[in-house]
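**Q** For reference, the sequence and a predicted model appear below.
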Amino acid sequence: MKYVSGPYFEPDFDPVLDRFGTPGVVVDNETREDCTLVKVDSVNRDGVLLEMVQLLTDLDLVISKSYISSDGGWLMDVFHVTDQIGRKLTDPSLPEFIQQALVPSHRPGNGPSPRFTTCLGNVVGPGGPDLSDCACLEFTVHDRPGLLSSITQVLVDQGCHVACGQAWTHSGRAAGLLYVTTTATANAAALHPSRWARIERLVGAVVDARENVPGERRWVCMSAPVRGRVHTERRLHQLMHDDRDYERGPAPTPVDEELFSMVDRAATTTALSALRARAAETRVTIDNWEERGYAIVKMTSRDRPRLLFDTVCALTDMHYVVFHATVGSQGPLAIQEYYIRHKDGRTVDSSSERQKVSRCLVAAVERRGSHGAKVEVRAADRSGLLSDFSRTLREHGMSLLRAELKRQKDEAIGTFHLVTDSGGQVRPEALRAVRTRVSDMGISLDIITEAPGWPPVRKTSVPASAPAQERPGSSLGTLLWSHLGKLSNNFGYIRS
């Protein structure tokens, strides 16, 4: 094929690599007025891109643009970030936290990763919230109304309390991770291994009792408390990928090449209206660039939070390495372009492999799709709370598309996306009836019409360029930062 565009490769980069020592992170609040630039340069290693994106996402930061380059064994990435309402990063401890979390050699005495409280009050530390005192129930099953209610009732009957957890649904499949203790305050170490096995059998029996399809696949596993668990959302992607949720549905639609050309010009009101219609569908095109030995993945989809994280998770699960990427948006449309190779060095060689990669990427984007009515609930943390709430939803003919439960001190906070049992929209009067019912249980329910802080408010002015005499001489860093800076003018923002 004839390929007319691609990432820039500076022939003098490789000889410069040996001049660099310790990897570094630069948090730059001076270059742009509308966002903070997080620049990372490091010797490339397996999984480092996902690690960086995961950390920035867990910090409740908005990754509005990103430029990724890791050819020649050296990684240099730029992330344009703000907080959830579009402000630059002003917390003086945040740059040091990012530096120490991403670069272990920068920690005092090479000690454990530090912890940080985000702008939304979430605590970030090694692998996210501290779940080392919790047992974990994992499941992937056929989705059905009342599924979470049935599973959590088993846990309540066995004297377990759901401290936090998440559940996703996609293409008729459901996956979840529930972190449990014996009570709201007791340590899960009190659970004997034989009891974990019993709970696993009981949950499996509940799932099997509802499955009437011969050979229907399912996975239920109860594991003991352990330190260093896999990141919760990362694990959910792994579970659904292993469950092959990407196999159902029609083949993905190729991207519209016209959309990629639109990033070079301002979008008119008419163009933005057209983009909103096109953004409803996730599209993927994969080609091979034989001269450089890359597979080129182009994606368009609706812009939303955590999109970059979900995409990188999918590529990692398929054992592909990202060597170059540019990510941004135009209006409501997110535009992503990746230059990848498989870990074994090959590209996406066959049409069947291209079809699988395309399906996996679409599934990763759509698992977190914000469909249905969104509600937020708050209550004093207690045993049986999730079971009581999910049972109430079931009694009112509602099903869960997505669920997330977390705790902050003594308060439990849950976010749920709801549809009717038949998959339709939930009527406002039904939500009000649920609100009245759960208020008697000490649960407050708010109907969320729009995710808070979206879209972030940003300044539109462009900062003046730095005087030429203040720029340092050419090096690997300055050459690539210059190239990535030029690329940044071609893209809008992606909310990830």
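**A** Structure's in. What do you need?
**Q** Tell me who's in contact with Leu418.
**A** Gly372, Ala373, Lys374, Val375, Leu393, Met398, Ser399, Leu400, Leu401, Val426, Leu431 (C-beta atoms under 8 Å, 6 or more residues apart in numbering). For glycine as for every other residue, the C-beta is placed from the backbone atoms N, C-alpha and C.
**Q** which one of these is nearest Asp143?
**A** Ser399 (8.1 Å; C-beta to C-beta).
**Q** Excluding chain neighbours, give the residue nearest to the closest one in space.
**A** Pro145 (4.6 Å; C-beta to C-beta, 6 or more residues apart in numbering).
**Q** Would you tell me what helix or strand Ala403 is located in?
**A** strand 398-408 (DSSP states H and E).
**Q** Mind listing what's buried along that strand?
**A** The neighbour-count check on strand 398-408 (16 or more other C-beta atoms under 10 Å) flags Met398, Ser399, Leu400, Leu401, Arg402, Ala403, Glu404, Leu405, Lys406, Arg407 as buried.
**Q** So the third one is in contact with Thr169, correct?
**A** Yes - with contact defined as C-beta atoms under 8 Å, Leu400 counts as touching Thr169 (7.2 Å).
**Q** Where do the helices of this protein begin and end?
**A** 13-16, 48-58, 94-102, 147-157, 193-210, 232-242, 257-261, 269-279, 307-317, 351-366, 385-395, 428-439, 476-488 (DSSP state H).
**Q** Next, the angle from the second one to helix 94-102.
**A** By that I understand helix 48-58. 140 degrees (axes from the mean of the first three to the mean of the last three C-alpha atoms, to 10 degrees).
**Q** tell me what helix 48-58 is packed against?
**A** Packing contacts for helix 48-58, counted by 3 or more C-beta pairs under 8 Å, 6 or more residues apart in numbering; DSSP states H and E, involve strand 36-43, strand 62-69, strand 74-82, helix 94-102, helix 307-317.
**Q** Please look at Ala379 and Gln408 and confirm they touch.
**A** No - with contact defined as C-beta under 8 Å, Ala379 does not count as touching Gln408 (11.8 Å).
**Q** mind checking pLDDT for the nearest residue to Arg227 once chain neighbours are set aside?
**A** Spatial nearest neighbour of Arg227, excluding adjacent residues (C-beta to C-beta, 6+ apart): Ser132 at 4.6 Å. For Ser132, the pLDDT comes out at 73.
**Q** List the residues that contact Ser132.
**A** Counted by C-beta under 8 Å, 6+ apart, Ser132 has contacts Pro225, Val226, Arg227, Arg229.
**Q** would CSV of those residues with neighbour count be doable?
**A** Output for the contacts of Ser132, formatted as CSV (neighbours: other C-beta atoms under 10 Å):
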residue, neighbour count
Pro225, 19
Val226, 11
Arg227, 10
Arg229, 21
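**Q** Is it possible to get CSV of these that adds distance to Asp310?
**A** Below are the contacts of Ser132 laid out as CSV (distance: C-beta to C-beta, whole Å):
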residue, distance to Asp310
Pro225, 28
Val226, 25
Arg227, 26
Arg229, 19
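**Q** Flag the least confident of these.
**A** When these are compared by pLDDT, Arg227 scores lowest at 78.
**Q** Ramachandran angles for it?
**A** Main-chain torsions, Arg227, degrees, to the nearest 10: phi -80, psi 150.
**Q** got a list of what the residue nearest to Ser70 when sequence neighbours are not counted touches?
**A** Of all residues not flanking Ser70 in the chain, Asn44 sits nearest, at 4.6 Å (C-beta to C-beta, 6+ apart). Shown in contact with Asn44 (C-beta under 8 Å, 6+ apart): Ser70, Gly73, Trp74, Leu75.
**Q** Show the buried residues in those residues.
**A** Ser70, Trp74, Leu75.
**Q** and the second one, what are its bridge partners?
**A** Trp74 has these beta-bridge partners by DSSP bridges: Val43.
**Q** wouldn't it be in contact with Val43 here?
**A** Yes - look at Trp74 against Val43 with C-beta under 8 Å: they come within range, at 6.3 Å.
**Q** circling back: point out the most buried one among the helices and strands packed on helix 48-58.
**A** strand 62-69 (a mean of 26; mean count of other C-beta atoms under 10 Å).
**Q** re earlier: distance of the residue nearest to Ser70 relative to Val25?
**A** 15 Å (C-beta to C-beta, to the nearest Å).
**Q** and if you look at Lys406?
**A** For Lys406, the distance to Val25 equals 27 Å [C-beta to C-beta].
**Q** Same question for Ile286.
**A** From Ile286 over to Val25 (counting by C-beta to C-beta), the distance is 32 Å.
**Q** ok, now Lys343?
**A** Lys343 sits 26 Å away from Val25, going by C-beta to C-beta.
**Q** before we move on, what about Met299?
**A** Distance from Met299 to Val25, counting by C-beta to C-beta: 27 Å.
**Q** Looking at those two now, which is surrounded by more residues?
**A** Relative neighbour count places Met299 above the other of Met299 and Val25, with 23 against 20, counting by other C-beta atoms under 10 Å.
**Q** pretty sure the more buried one contacts Ser358?
**A** No - judged on C-beta under 8 Å, Met299 makes no contact with Ser358 at a distance of 9.1 Å.
**Q** quick revisit: unless I'm misreading it, the residue nearest to Ser399 sits right up against Asp421, doesn't it?
**A** Yes - in this structure, Pro145 is within contact of Asp421 by C-beta under 8 Å, at 4.3 Å.
**Q** if I look at these two, which residues touch both of them?
**A** Common neighbours of Pro145 and Asp421 (C-beta under 8 Å, 6+ apart) are Ser399.
**Q** For the two, indicate the residue with more neighbours.
**A** Pro145 (19 against 14).
**Q** dump the residue contacts of that one.
**A** Contacts of Pro145 (C-beta under 8 Å, 6+ apart): Arg394, Ser399, Asp421.
**Q** excluding its backbone neighbours, what's nearest Gln166?
**A** Nearest one to Gln166, counting by C-beta to C-beta, 6+ apart, is Glu404 at 4.8 Å.
**Q** Show me what the one you found is bridged to.
**A** Here Glu404, judged by DSSP bridges, has bridge partners Gln166, Thr415.
**Q** Pull the contacting residues for it.
**A** By C-beta under 8 Å, 6+ apart, the contact set of Glu404 is Gly165, Gln166, Gly414, Thr415, Phe416.
**Q** The fourth one and Thr285, how far apart?
**A** Taking C-beta to C-beta as the measure, Thr415 and Thr285 are separated by 33 Å.
**Q** quick one, which of the two is more surrounded?
**A** Comparing Thr415 with Thr285 by other C-beta under 10 Å, the one with more neighbours is Thr285, at 19 against 16.
**Q** Could you pull up the residues touching that one?
**A** For Thr285, the contact set (C-beta under 8 Å, 6+ apart) comprises Pro254, Val255, Val297, Lys298, Ser358.
**Q** out of those, which is most surrounded?
**A** Result: Val297 is most packed of those (other C-beta under 10 Å), 25 neighbours.
**Q** Provide the partner residues of that one in its beta bridges.
**A** With DSSP bridges as the criterion, Val297 is bridged to Ile286, Tyr338.
**Q** That one and Cys360 touch, don't they?
**A** No - the criterion here is C-beta under 8 Å, and Val297 misses it with Cys360 at 10.9 Å.
**Q** With distance to Glu233 added, can I get the contacts of Asn44 in a markdown table?
**A** Listed next are those as a markdown table, based on distance: C-beta to C-beta, whole Å:
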| residue | distance to Glu233 |
| --- | --- |
| Ser70 | 23 |
| Gly73 | 29 |
| Trp74 | 29 |
| Leu75 | 23 |
